[in-house]
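[1] predicted structure and sequence below. I'll ask about it afterward.
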Amino acid sequence: QVQLVESGGGLVQAGGSLRLSCVASGRSFGSNAMGWFRQAPGKQREWVAAISSGGSGDYLDSVKGRFTISRDNAKNTVYLQMNNLKPEDTAVYYCAVHRYALSSSRESNYDYWGQGTQVTVSS
């Protein structure tokens, strides 16, 4: 049974940093792209970042230069380093496994999802 577990969320002041982790179990996902999404209260879930199986990252424009996605295939883990956080980054953050090796922002291409971790940025 595939399971994704996120951790690392919390409350931080604007300008601060958090590092989210997502550990996958049940099978190896080294051949799959992985992504992070977020959902703020009252808003639809949106794609934040993704990393291909080869390690190439893509980002939502509003987080470019502040967030960095990375992966450790030996640990079946994907990370999201978030720096210079802003109140508008407040959301529940979800990790997901893409169907293919190349990443995309399309939610329907992601087959497995974690339960999410709350990130709250105070002003």
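    The structure has been received and is ready for your questions. Residues are numbered from 1 along each chain as shown.

[2] ok, residue 2 touching residue 112?
    Yes. In this structure, residue 2 is within contact of residue 112 by Cβ atoms under 8 Å, at 5.0 Å. To be clear about C-beta, it is placed using only N, CA and C from the backbone, and glycine gets the same treatment.

[3] joint contacts of the two?
    Residues touching both residue 2 and residue 112 (Cβ atoms under 8 Å, 6 or more residues apart in numbering) are 24, 97.

[4] which one of those two is surrounded by more residues?
    residue 112 (18 against 12; other Cβ atoms under 10 Å).

[5] distance check, the residue nearest the centre of the chain against residue 3.
    For the chain, residue 36 is the residue whose C-alpha lies nearest the centre (Cα atoms, centre = their mean; 2.4 Å). Using Cβ to Cβ, to the nearest Å, residue 36 is found at 17 Å from residue 3.

[6] could you do residue 97 as well?
    Residue 97 is 11 Å from residue 3, by Cβ to Cβ.

[7] great, nothing more from me.
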